[in-house]
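Undergrad: Following is a predicted model, sequence given first.
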Amino acid sequence: CIDPLAHKYGELGSSAHDMTYVMAGAETIPIPSGSFDVVTSINNLDHVTDVNESVKEIARLLRVGGHFILLVELHARPTACEPQSIPFNIHQDFEKLGFEQVWTKRVEFRKPRCHIVGADAILKCPEFDVRDETKRNSFFGLIMEKKEKGEITTLDSDDSHIKVHREDPAKSECEIAYWKKMKREELFANSYYETTYTQFMNLTVGFYDDKKVLDIGCGPRGSLEWMKNAKERICIDPLAHKYGELGSSAHDMTYVMAGAETIPIPSGSFDVVTSINNLDHVTDVNESVKEIARLLRVGGHFILLVELHARPTACEPQSIPFNIHQDFEKLGFEQVWTKRVEFRKPRCHIVGADAILKCPEFDVRDETKRNSFFGLIMEKKEKGEITTLDSDDSHIKVHREDPAKSECEIAYWKKMKREELFANSYYETTYTQFMNLTVGFYDDKKVLDIGCGPRGSLEWMKNAKERICIDPLAH
């Protein structure tokens with residue numbers, strides 16, 4: 001499921017659902033073309049920012065022979081949460097892109113008799129002729145089949161390197177347990193980040209003036225909040241969708257749910273990429289290094305702080321070598337600065353504003369295996385050997401949150417939860433009986449739901465091969 005609010009749904013229980021949430025807007029979805037057999041949008045297309053771009057993305061993501069399933073409210077007046085008035089002839093936009101209409105249905109929307117609440121409520125809505133263009137609130141159901149490639153061009157670049165992050169349940173559980181423990185023990189303040197990014201790294205605050213900064217594996221504490229002078233502050237973390245319950249939605253920075261190995265952001269987007277105590281947490285160090293190199297512009301800097309520990313753990317599966325700088329040098333980087341300090345609890349740990357400054361330093365040429373913190377700054381001097389990830393990915397954009405719209409959406413979902421209208425039982429009825437389909441239609445298919453909300457829209461679909469949801473508030 002994709003949803004631009006996916007990062008905020010953790011506090012509403014989305015992390016318990018048996019499906020994958022991806023934080024993204026419908027206009028730019030970080031998934032390769034032709035990935036799905038079925039794409040759905042259930043009561044969401046009127047919520048998007050740009051209908052035309054959303055339609056193009058739907059067409060791009062479906063394989064030829066795949067189906068788009070739409071249920072949308074046709075309302076007379078836009079609202080803060082529903083800024084779009086969808087026309088009854090929306091099918092024509094899909095026909096231009098090589099689709100053919102399979103089925104349609106339009107029913108009147110009359111509260112309280114007919115509303116999307118309860119397992120069979122939508123089946124009670126009175127049906128009327130879809131050719132009736134009278135403006136009145138109604139639900140419009142539509143199934144379109146993709147017959148050919150159509151007119152899609154700009155979004156059909158080689159984006160095959162982009163992958164949806166696959167969560168490792170054991171590792172995720174370990175990471176979340178750590179952060180919850182930190183919060184319980186009142187060690188959750190983010191005051192040490194500024195010290196680490198400046199004094200420890202031998203940099204000034206001014207170094208970050210007007211720069212676009214990406215932090216990889218930031219955790220839920222707001223690692224870049226202090227950096228008010230930066231032009232842009234983006235954080236990626238594969239658990240961003242679960243950090244809402246830990247308070248991440250209050251931070252003045254953008255969270256993107258992604259692993260370090262495949263980041264849904266165009267090449268050369270950043271002046272500074274950082275990884276603070278994270279590179280030992282990734283699944284694949286080599287792929288993560290390539291992504292860092294891809295995302296930095298020539299002349300940009302990579303700032304690393306990592307724990308060099310003797311034994312991998314569930315949360316920290318990688319043992320980073322002291323000569324990690326050589327991997328970056330192969331990709332056109334040059335070492336600017338380095339520092340290695342011994343890691344001795346409780347005197348030296350990444351807790352407290354100046355704790356890391358108390359760590360005793362030793363010679364970085366000493367290869368003895370012992371726990372230590374390793375600081376490194378590398379400058380990207382040339383393009384280097386990056387090839388496979390340098391396809392034309394310029395169409396990919398980071399979703400920009402509209403605070404007023406997000407507040408409206410979250411308030412709605414919280415109200416639904418308070419009023420005990422949060423069950424997801426109606427989804428199966430909507431996807432099958434209302435749409436005139438059987439459960440078997442979804443057998444072994446890859447299904448994407450756009451703008452799914454926090455209720456687990458695809459949980460019932462156990463027979464599908466894959467279930468992904470995108471939502472800009474997923475975190």
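TA: The structure has been received and is ready for your questions.
Undergrad: any low-confidence regions in the stretch 1-150 of the chain?
TA: Within the stretch 1-150 of the chain, the set of residues satisfying pLDDT under 70 comprises 2-8, 10-11, 15, 75-76, 110-119, 129-136, 149-150.
Undergrad: for the stretch 251-400 of the chain, same thing?
TA: Where the stretch 251-400 of the chain drops to pLDDT under 70, the residues are 309-310, 344-353, 363-364, 367-370, 383-400.
Undergrad: Which parts of it are helices?
TA: When assigned using DSSP state H, counting those that start in this stretch, the helices of the stretch 251-400 of the chain occupy the ranges 285-295, 325-329.
Undergrad: okay if I get those as TSV plus mean neighbour count?
TA: Placement of C-beta: from N, CA and C, glycine included. As requested, the helices of the stretch 251-400 of the chain are exported to TSV (neighbours: other CB atoms under 10 Å):
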stretch	mean neighbour count
helix 285-295	22
helix 325-329	17
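Undergrad: and those helices as JSON lines, adding distance to residue 40?
TA: Formatted as JSON lines, the helices of the stretch 251-400 of the chain follow (distance: least, CB to CB, whole Å):
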{"stretch": "helix 285-295", "distance to residue 40": "30"}
{"stretch": "helix 325-329", "distance to residue 40": "41"}
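Undergrad: wait, which of the ones you listed is closest to residue 184?
TA: Closest approach to residue 184 among those (CB to CB): helix 285-295, 30.0 Å.
Undergrad: Can you tell me which of the helices of the stretch 251-400 of the chain is nearest to residue 144?
TA: Among the helices of the stretch 251-400 of the chain, the nearest to residue 144 by CB to CB is helix 285-295 (35.0 Å).
Undergrad: show me what contacts residue 80?
TA: Counting by CB atoms under 8 Å, 6 or more residues apart in numbering, residue 80 touches 404-405, 408.
Undergrad: Residue 320 too?
TA: Contacts were defined as CB under 8 Å, 6+ apart; by that measure residue 320 touches 279-280, 285, 306-308, 374.
Undergrad: In strands, which of those fall?
TA: 306-308, 374 (DSSP state E).
Undergrad: of those residues, closest to residue 54?
TA: Nearest to residue 54 among the ones in strands among the contacts of residue 320 is residue 306, at 39.5 Å by CB to CB.
Undergrad: wait, that closest one sits on residue 281?
TA: No: using CB atoms under 8 Å, residue 306 is not in contact with residue 281; the gap is 9.3 Å.
Undergrad: Look at those two and report which has more neighbours.
TA: Neighbour count, other CB atoms under 10 Å: between residue 306 and residue 281, residue 281 has more, with 25 against 21.
Undergrad: where's the more buried one relative to residue 195, distance?
TA: Distance of residue 281 to residue 195, given as CB to CB, to the nearest Å: 21 Å.
Undergrad: Run a quick neighbour tally on residue 234.
TA: Residues lying near residue 234 (other CB under 10 Å) number 23.
Undergrad: Can you list the strands that whichever strand or helix holds it pairs with?
TA: Using DSSP states H and E, residue 234 maps to strand 232-236. When pairing is defined by DSSP bridges, strand 232-236 lines up against strand 212-216 (parallel), strand 254-256 (parallel).
Undergrad: nearest to residue 315, of those?
TA: Of these, nearest to residue 315 by CB to CB is strand 212-216, at 15.7 Å.
Undergrad: Show me which residues of the closest one are buried.
TA: Using 16 or more other CB atoms under 10 Å as the test for burial, strand 212-216 gives 212-216.
Undergrad: next one: stretch 422-434
TA: Those would be 422, 424, 426-432, 434, for stretch 422-434 by 16+ other CB under 10 Å.
Undergrad: mean confidence for that stretch?
TA: Averaging pLDDT along stretch 422-434 yields 83.
Undergrad: Can you tell me what sits against it?
TA: With contact meaning CB under 8 Å, 6+ apart, stretch 422-434 is reached by 12, 40, 42, 69, 71, 105, 116-123, 141, 413, 416, 437-439, 441-442, 455-461.
Undergrad: how far does that stretch sit from the chain's center?
TA: Computed by CA atoms, centre = their mean, to the nearest Å, the chain-centroid distance of stretch 422-434 equals 25 Å.
Undergrad: now could you export just the CA positions of it as PDB?
TA: Provided in PDB are the C-alpha atoms of stretch 422-434 (Å, rounded to 0.1, in the frame of the first residue of the first chain):
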ATOM      1  CA  PHE A 422     -11.700   1.500  12.400                       C
ATOM      2  CA  ALA A 423     -12.300  -2.200  11.400                       C
ATOM      3  CA  ASN A 424     -11.200  -3.200   7.900                       C
ATOM      4  CA  SER A 425     -13.900  -5.700   7.300                       C
ATOM      5  CA  TYR A 426     -15.600  -3.800   4.500                       C
ATOM      6  CA  TYR A 427     -12.500  -4.000   2.200                       C
ATOM      7  CA  GLU A 428     -13.100  -7.600   1.100                       C
ATOM      8  CA  THR A 429     -16.800  -6.800   0.300                       C
ATOM      9  CA  THR A 430     -15.700  -3.800  -1.700                       C
ATOM     10  CA  TYR A 431     -13.000  -5.500  -3.600                       C
ATOM     11  CA  THR A 432     -15.200  -8.500  -4.500                       C
ATOM     12  CA  GLN A 433     -19.000  -8.200  -4.300                       C
ATOM     13  CA  PHE A 434     -19.200  -4.500  -5.100                       C
END
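Undergrad: Mind jotting down where the helices sit in the stretch 101-250 of the chain?
TA: 169-184, 192-195.
Undergrad: Between those helices, which one is closest to residue 247.
TA: Between residue 247 and those, the tightest spacing by CB to CB is seen for helix 169-184, at 8.3 Å.
Undergrad: which of the residues in the closest one are buried?
TA: For helix 169-184, a neighbour-count test (16+ other CB under 10 Å) marks 171, 174-176, 179, 182 as buried.
Undergrad: just stretch 275-283 next, same as before
TA: Buried residues in stretch 275-283, counted by 16+ other CB under 10 Å: 275-283.
Undergrad: What's the end-to-end length of that stretch?
TA: Taking CA to CA, to the nearest Å as the measure, stretch 275-283 stretches 14 Å from start to finish.
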